[in-house]
Structures are given as C-alpha cells and as structure tokens.
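> would you be able to build a 3D model of this:
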Amino acid sequence: MSIQLNNLTLAYERHPAVHHLTATIAQGEWLAIVGPNGAGKSTLLNAMAGLTTAYEGSIEGLCPDTVAYLPQQTQLDKSFPITVFELVATGLWAELGFSKSLSRSQHKQCEDAIAAVGLQGFEHRMINTLSGGQLQRSLFARVLLQDQAVILLDEPFNAIDAKTLSDLTQVIKQWHQTERTVIMVTHDLDYVKQHCPQTLLLARECIGHGLTKDVLTGENLERAKQLSEAFDERARWCMQGAM
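Numbers count the residues shown, from 1 in each chain. This is a model prediction of the structure:
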C-alpha cells in the first residue's frame with residue numbers, strides 16, 4: 001500500500017518545521033529524505049513513525065503495526081545496562097510484551113539477526129562498550145526482527161566505518177528487493193546518488209520529489225539552501241516560507 005502525505009504541515013517545539021507537503025510514496029520504494037540542517041527531515045520521519053501528532057493535513061497508508069523505526073544514536077541512552085542480545089530481542093516486543101520469555105524459535109531468530117549484521121560473538125557485550133558501527137549493527141538487527149512492511153531510518157550511517165556502511169547497505173538492499181518500503185533521512189548526498197532510487201528534497205517545504213537524478217540538481221540544491229537560510233523562525237507554523 002502506498003503512503004500518502006496530504007498537505008502536511010508540521011511543527012517542532014512550536015516552531016515551523018515542514019509546510020504543506022503533499023507526496024505519494026509507493027509500496028516497495030527506497031526513498032531518501034534530504035535537505036539542509038533544520039529542514040524538517042527528522043520531524044517528518046517522527047510524524048510518519050507516529051511519534052508526533054503536532055501536524056495539520058494527513059498521513060495515509062501507515063499503521064503503527066506495520067512500521068519499524070530506527071532512531072538516531074543520539075536519541076539512545078547508551079548507559080542503560082543492556083546487552084546486545086537483549087537490545088536486539090526488543091525487536092520482538094510486539095510478540096512478547098512485558099511478561100513473556102523467549103521461546104527456542106525466538107531465541108534462534110535473535111541469533112540469526114545478530115549473525116545477519118555481522119555481530120556474532122557480541123551477544124553478551126553491554127551496549128555502552130560498543131563502537132558506533134557496532135551499535136548501529138545492533139539496531140539494524142533489531143529492525144530485522146520487527147519484520148515490518150515499512151522501515152524508517154533516521155541518519156542510519158552516522159559515525160560508522162566503511163565496512164559497516166557496506167554491510168548495512170546490503171541489508172537495506174535486501175529489504176528493498178523484498179518489496180519493503182524504506183524511507184531514510186540522511187545528509188550524505190553522494191550515498192543517495194549512488195544507492196537511493198527516489199529522493200525527497202526538503203527545505204521546510206518540498207523542493208523536489210522523484211527520481212534522485214532529477215531531484216538532486218544544482219538548481220534544486222541551491223534553492224533549498226536559499227530557502228533554509230531565509231526562513232523566519234517566528235513565522236506562523238502553517239505558513240509557507242517563500243523567497
């Protein structure tokens with residue numbers, strides 16, 4: 001099922017974030033959301049994940065039961081006393097709830113997910129001992145277990161090494177090949193040009209949406225930069241910024 005954003009206007013901490021966005025994201029699409037800092041990218045992803053309801057317009061075709069969300073590492077409390085295995089196992093939360101323990105088959109699922117992201121041998125490591133790349137692999141394993149039709153990734157490649165980047169890109173490609181919808185916020189335009197078929201360029205409002213090669217033009221990127229720099233933070237949150 002496609003995702004439809006209908007005249008969507010978002011606020012972040014009572015400030016303007018995204019204005020009057022209308023877009024259709026087809027089922028099975030791999031879409032990058034890009035734009036300058038403060039363009040509203042993560043705010044949009046949070047709304048699609050159901051983490052914020054401070055918006056006007058509508059989001060159709062998304063149900064919390066069909067969405068897996070990978071937040072930025074900065075949103076995680078890395079001091080929380082939890083092992084890699086325990087973190088990954090939270091991907092089965094919908095099945096387990098508070099009280100159920102892992103069955104033998106679910107334990108095997110966790111082991112397989114950890115192996116799929118190359119973390120064999122790290123199962124009992126505390127997450128506060130992991131490198132950025134190792135932690136990101138753990139979070140991807142968690143998303144693997146959630147096994148949802150729509151996958152939302154917020155800056156999934158920050159602070160990771162080239163090998164981890166390559167390995168996790170293969171995971172995303174496998175999701176894409178199995179008709180899962182992958183929507184990722186990233187600042188890495190070179191990565192987007194190389195891997196992502198579709199792009200949504202934001203600068204509080206939509207600058208372009210479609211094939212990556214058609215969206216990431218010099219003209220569009222300059223337009224996004226100008227809009228971002230000229231935006232009035234004191235503007236009414238439902239008004240479009242305009243040059």
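> in which helix or strand would I find P16?
In this structure, P16 sits in strand 15-25 according to DSSP states H and E.
> partners of that strand in the sheet?
strand 3-12 (antiparallel) (DSSP bridges).
> quick one: buried residues of the partner strand?
3, 5, 8-12 (16 or more other Cβ atoms under 10 Å). C-beta: built from backbone N, CA, C; applies to glycine.
> relative to C63, which of these is nearest.
The closest of these to C63 turns out to be I3 (Cβ to Cβ; 10.5 Å).
> give the contact list for that closest one.
24-25, 48, 59-62, 150, 181 (Cβ atoms under 8 Å, 6 or more residues apart in numbering).
> how much space separates the most centrally placed residue in the chain from F140?
Of all residues in the chain, the one closest to the mean position by Cα atoms, centre = their mean is L153, 1.8 Å from it. For L153, the distance to F140 equals 9 Å [Cβ to Cβ, to the nearest Å].
> so what's in contact with these two at the same time?
With Cβ under 8 Å, 6+ apart, L153 and F140 have common neighbours L70.
> run through who's touching stretch 73-87.
With Cβ under 8 Å, 6+ apart as the criterion, stretch 73-87 contacts 110, 114, 119, 122-128, 130, 132, 134-136, 138-139, 142, 158-159.
> let's see which of those residues end up in helices.
110, 114, 132, 134-136, 138-139, 142 (DSSP state H).
> make JSON lines out of these and add pLDDT, distance to Q177 and neighbour count.
As requested, these are exported to JSON lines (pLDDT from 0 to 100; distance: Cβ to Cβ, whole Å; neighbours: other Cβ atoms under 10 Å):
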{"residue": "C110", "pLDDT": "95", "distance to Q177": "23", "neighbour count": "24"}
{"residue": "I114", "pLDDT": "96", "distance to Q177": "21", "neighbour count": "25"}
{"residue": "G132", "pLDDT": "89", "distance to Q177": "27", "neighbour count": "14"}
{"residue": "Q134", "pLDDT": "94", "distance to Q177": "25", "neighbour count": "19"}
{"residue": "L135", "pLDDT": "93", "distance to Q177": "26", "neighbour count": "22"}
{"residue": "Q136", "pLDDT": "93", "distance to Q177": "21", "neighbour count": "25"}
{"residue": "S138", "pLDDT": "95", "distance to Q177": "23", "neighbour count": "25"}
{"residue": "L139", "pLDDT": "94", "distance to Q177": "21", "neighbour count": "22"}
{"residue": "R142", "pLDDT": "95", "distance to Q177": "20", "neighbour count": "23"}
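> farthest pair within these?
So, the ones in helices among the contacts of stretch 73-87 by Cβ to Cβ: farthest apart are C110 and G132, at 21.8 Å.
> tell me where the model's unsure across this protein.
Low-confidence segments of the chain (pLDDT under 70): 97-100, 230-243.
> do a quick rundown of the strands in it.
Taking DSSP state E to define them, one finds strands in the chain at 3-12, 15-25, 30-34, 55-60, 67-70, 150-154, 181-185, 198-203, 205-211.
> how far off strand 30-34 does the longest one point, in degrees?
For strand 15-25 against strand 30-34, the angle by axes from the mean of the first three to the mean of the last three Cα atoms, to 10 degrees is 160 degrees.
> repeat that for the last one.
Relative orientation of strand 205-211 versus strand 30-34 (the same axes, to 10 degrees): 150 degrees.
> distance-wise, check the residue lying farthest from the centre of the chain relative to C110.
The centre of the chain is farthest from one residue, R104, which by Cα atoms, centre = their mean lies 30.6 Å away. According to Cβ to Cβ, R104 stands 11 Å off from C110.
> got it, and D190?
34 Å.
> try Y12
35 Å.
> same question for G208.
40 Å.
> again with A39
36 Å.
> closest one to K173 out of the buried residues of strand 3-12, please.
Nearest to K173 among those, with distances taken as Cβ to Cβ, is I3, at 20.3 Å.
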